[in-house]
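Asker: What would the 3D arrangement of this be:
(one chain, ligands or ions: 1)
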Amino acid sequence: MEHEQAFGRRETRQIMVGKVPVGGNAPVSVQSMTVTRTADHEATLQQIYALAAAGADIVRCTCNEPEAAEGLARIVPRSPVPIVADIHHQYRRALEALEAGVHCLRLNPGNIRNPEHIKAVASEAKDRGVPIRIGVNGGSLHPDLYAKYGGKVTPEAMVESALQEIAFFQEVDFDLIKISVKASSVPLMIDAYRQLSEVTDHPLHLGVTEAGPPPVGTLKSTAGMATLLAEGIGDTIRYSLTADPVEEARAGRQLLEILGLRERKNIDLIACPSCGRAEIDVVRVAREAMEAFEEREIPLQVAVMGCVVNGPGEARDADLGIAAGNRRGHLFVRGQNVAVVPEDEMVDTLVEWADYIQENGAEAALERASSTRAAARRAADEDRRRNLGERGEDANNSEAIIAEIRRSATTG
Ligand code: SF4
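Answerer: Alright, predicted model coming up:
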């Protein structure tokens, strides 16, 4: 269904954050951030899937310790959406995150102040074609800028901070940049983004920092971001709420739908990226599922997962999903195995169960499968063990990447 574009969009350059285009004529994207310890890669992946199911197009994870970079090496190959590494004070974490394969970095110029370090990160990112977000934050401006603007955070000071950082990147000929000038004061951030959009055509990431818990946090963020989006400013957004991040992702998605900037969705199909553990061609099956659901108005989240080892757990927040294993499809409802079907019936089975859930609800679907659930779980366990036996514990070669991260840490 074609949606009407309610507001004109200011023209920006386009960058790619993994497979998601940001800027240019790309749809405004939704971001959110995990609150798990990144080193705990299983918990973090679970949250990433929940965020993707709630509407996040891109997810940011903190990279605040060497173990976090190692976590990223395990997370990136299995994440359904592109991953941004959030870097705080240490530029080395940025280099490690790049080694781990992240799709974007976020640097705060107020925290990484050594131009040589900034340039080292930019040139490594350039070699890898990975974009960087310059994340200016009203609460952590460079002391020189505070002084210059009379000890106050002003929109001018925030814009100048962003421009200084862009200049460092230009020195190494790096322009895969997006910028944010977030503040907790809504009038301040609105002004800063307006001024910034006058002086640069890099894509802009919108947000109100430390907005606090809902409902006030949601209102503040909406007031700031909706005002700018209605003026055509903003290419990607994040609600920063003191709440379960799933609420952030959901709010972001809803705001864009309300403004007519994103299509209201029918089926929300999520698919794993496929990795060394996959037992089917995930891209093909996901495409076939998308086609099969196209004409149906079923507002459910449906997951297509490449393996039964991690699929049902990673996508347990989806209403319904199917994971491949040993030429069979393991169907699950809310993470619980309910049936096993031949591989070539995976898509038809998904459609049939989606219809059933749409009509009767997920509880009824679990009830419907009460006599087959135990056997389905056993079959899934069997195929899980088989996959692990054949492909080993490290199907994505993450351990070799981690060894490289550790080696650079000791020699660097
Ligand atoms: S194949 Fe399995 S482990 Fe790999 S991304 Fe898909 S579900 Fe995750």
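
Asker: Could you use CA atoms for every contact and neighbour count after this?
Answerer: Noted.

Asker: Quick check: pLDDT value at Q5.
Answerer: Looking at Q5, its pLDDT is 56.

Asker: Contact residues of the stretch 51-200 of the chain facing the ligand?
Answerer: Contact residues (C-alpha under 6 Å from any ligand atom) of the stretch 51-200 of the chain with the ligand: R78.

Asker: which stretches of the stretch 51-200 of the chain have low pLDDT?
Answerer: For the stretch 51-200 of the chain, no stretch is flagged by pLDDT under 70.

Asker: Can you tell me, leaving aside adjacent residues, what's nearest to the residue in the stretch 151-300 of the chain that the ligand sits nearest to?
Answerer: Closest residue of the stretch 151-300 of the chain to the ligand, C-alpha to the nearest ligand atom: A278 (3.5 Å). The shortest distance from A278 to any non-neighbouring residue, by C-alpha to C-alpha, 6 or more residues apart in numbering, is to G306 (4.4 Å).

Asker: is it true that that neighbour touches D281?
Answerer: Yes - here G306 reaches D281: they are 7.4 Å apart, a contact under C-alpha atoms under 8 Å.

Asker: So for these two, which residues contact both of them?
Answerer: S274 (C-alpha atoms under 8 Å, 6 or more residues apart in numbering).

Asker: contact partners of the longest helix along the chain?
Answerer: Longest helix in the chain, counting residues (DSSP state H): helix 373-391. Here helix 373-391 makes contact (C-alpha under 8 Å, 6+ apart) with 276-277, 308-309, 325-326, 330, 336-340.

Asker: Please give the centre-to-centre distance between that helix and its chain.
Answerer: 29 Å (C-alpha atoms, centre = their mean, to the nearest Å).

Asker: Any of the contacts of helix 373-391 buried? List them.
Answerer: 277, 308-309, 325-326, 330, 336-340 (16 or more other C-alpha atoms under 10 Å).

Asker: and the chain, what are its domains?
Answerer: 15-258, 268-391 (automatic domain parsing).

Asker: so which of these is the most packed in?
Answerer: Most buried of those, by mean neighbour count (mean count of other C-alpha atoms under 10 Å): domain 15-258, with a mean of 21.

Asker: Rebuild the buried ones among the contacts of helix 373-391 as CSV, extending it with secondary structure and distance to A226.
Answerer: As requested, these are exported to CSV (DSSP: H, G, I helix; E, B strand; the rest coil; distance: C-alpha to C-alpha, whole Å):
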residue, secondary structure, distance to A226
R277, coil, 42
V308, coil, 41
V309, coil, 41
G325, strand, 45
N326, coil, 48
H330, strand, 42
Q336, strand, 39
N337, strand, 41
V338, strand, 42
A339, strand, 44
V340, strand, 46
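
Asker: Dump those residues to CSV, plus pLDDT.
Answerer: Formatted as CSV, the buried ones among the contacts of helix 373-391 follow (pLDDT from 0 to 100):
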residue, pLDDT
R277, 94
V308, 95
V309, 95
G325, 93
N326, 92
H330, 97
Q336, 93
N337, 95
V338, 96
A339, 96
V340, 96
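
Asker: and I87, what does it touch?
Answerer: I87 neighbours (C-alpha under 8 Å, 6+ apart): 62-64, 93-94, 105-108.

Asker: Return the residues of the stretch 301-412 of the chain in contact with the ligand.
Answerer: Close to the ligand, as judged by C-alpha under 6 Å from any ligand atom, the stretch 301-412 of the chain has residues 305-307, 310-311.

Asker: From the residues you listed, which land in strands?
Answerer: Residues of those located in strands (DSSP state E): M305.

Asker: beta partners of V20?
Answerer: Counting by DSSP bridges, V20 is bridged to V17.

Asker: Mind pulling the model confidence for Q254?
Answerer: At Q254, pLDDT is 89.

Asker: Next: T411.
Answerer: 73.

Asker: ok, now L269?
Answerer: pLDDT recorded at L269 is 88.

Asker: Ramachandran coordinates for it?
Answerer: phi -90, psi 120 (degrees, to the nearest 10).

Asker: Could you measure from it over to D355?
Answerer: Going from L269 to D355 by C-alpha to C-alpha, to the nearest Å gives 14 Å.

Asker: do the same with A376
Answerer: A376 sits 20 Å away from D355, going by C-alpha to C-alpha.

Asker: so N326 makes contact with E279?
Answerer: Yes - if you go by C-alpha under 8 Å, N326 and E279 touch, sitting 7.2 Å apart.

Asker: in the stretch 151-300 of the chain, which spans are helices?
Answerer: Here the stretch 151-300 of the chain has its helices, by DSSP state H, counting those that start in this stretch, at 155-171, 186-199, 216-230, 245-258, 282-293.

Asker: For D40, which of these is the nearest?
Answerer: Closest approach to D40 among the helices of the stretch 151-300 of the chain (C-alpha to C-alpha): helix 245-258, 16.8 Å.

Asker: Now do that closest one against helix 216-230, angle only.
Answerer: 30 degrees (axes from the mean of the first three to the mean of the last three C-alpha atoms, to 10 degrees).

Asker: Quick one: distance of helix 245-258 to the chain centre.
Answerer: The answer for helix 245-258 is 13 Å, by C-alpha atoms, centre = their mean.

Asker: Mind listing residues that contact that helix?
Answerer: Under C-alpha under 8 Å, 6+ apart, the answer for helix 245-258 is 28, 30-35, 50-52, 54-56, 218, 222, 226, 237-241, 262-264.

Asker: ok so, going back, which ones among the contacts of I87 map onto strands?
Answerer: 62, 105-107.

Asker: Out of the residues you listed, which is nearest to the ligand?
Answerer: T62 (20.6 Å).
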